[in-house]
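Participant: With the sequence up front, the predicted model follows.
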Amino acid sequence: MKIALSCLCLALTVCISGPLHAQQSDIELATGEGARRQALKIELDRKLADAQAAEKRGAFLEAAQNYTDCVEIAKKIGPGVDAPQKQALAGFTATRLQLADQDQRVLDFQAADDQYARILREDPKNEQVIQLRQANKERLAAQAGLQPSQAALDKVPAPTPTTSMPRLWYRMGVCFTSGASWIRRRPSSIKP
């Protein structure tokens, strides 16, 4: 009887102390979550300042990366950071639009389309970007026959230490004439 009573008391003690430990761990979890969010808010503010400074310097690639980090940090924080989140998204959009504009100036419409796609992943309802992407796709379609496709560029052999550039150019069908101008060499199977 004493053994049964001792076991019953031990079982009650374990059952009662279990929720206390669970409450402590819940409190610890909430405290840890609050500390993590506060650290992320500080990191967000620092990254926003870095991104804005890079944008003012004209380093748009660096600014775009920092704004991308800001958007990711804002997602990790969750609700409660509306102003910094809007600021990060606006900066993200502005720098990516600037990069897309630079890509279009050098006729790299595929890279510009990639920039527009990144913006639309974060802000899918941005009408300005949707219209710019559509105009860019039209330019990309108009350029279709004027530049080599990615498949054609992938066929060009990469130079190796044993392959000199003139040999590579010869294999590609490029011959240099006097005066440093080049002409396309005719395949040997075609008679003039």
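Facilitator: Nice, thanks for sending it over.
Participant: show me where this protein has helices.
Facilitator: With DSSP state H as the criterion, the chain has helices at 2-57, 60-77, 82-105, 109-122, 127-142, 150-155, 165-172.
Participant: Now mean pLDDT too, for those, in CSV please.
Facilitator: Shown next, in CSV, are the helices of the chain (pLDDT from 0 to 100):
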stretch, mean pLDDT
helix 2-57, 72
helix 60-77, 89
helix 82-105, 90
helix 109-122, 91
helix 127-142, 91
helix 150-155, 78
helix 165-172, 63
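Participant: Turn these into JSON lines, columns for mean neighbour count.
Facilitator: Every residue, glycine included, has its C-beta placed from N, CA and C. Output for those, formatted as JSON lines (neighbours: other Cβ atoms under 10 Å):
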{"stretch": "helix 2-57", "mean neighbour count": "12"}
{"stretch": "helix 60-77", "mean neighbour count": "19"}
{"stretch": "helix 82-105", "mean neighbour count": "18"}
{"stretch": "helix 109-122", "mean neighbour count": "18"}
{"stretch": "helix 127-142", "mean neighbour count": "14"}
{"stretch": "helix 150-155", "mean neighbour count": "8"}
{"stretch": "helix 165-172", "mean neighbour count": "12"}
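Participant: Quick check: can you list the domain ranges of the chain?
Facilitator: The chain is divided into the following domains under automatic domain parsing: 2-145, 156-192.
Participant: you'd agree A88 is up against D45?
Facilitator: No: at 10.4 Å, A88 does not count as touching D45 under the criterion of Cβ atoms under 8 Å.
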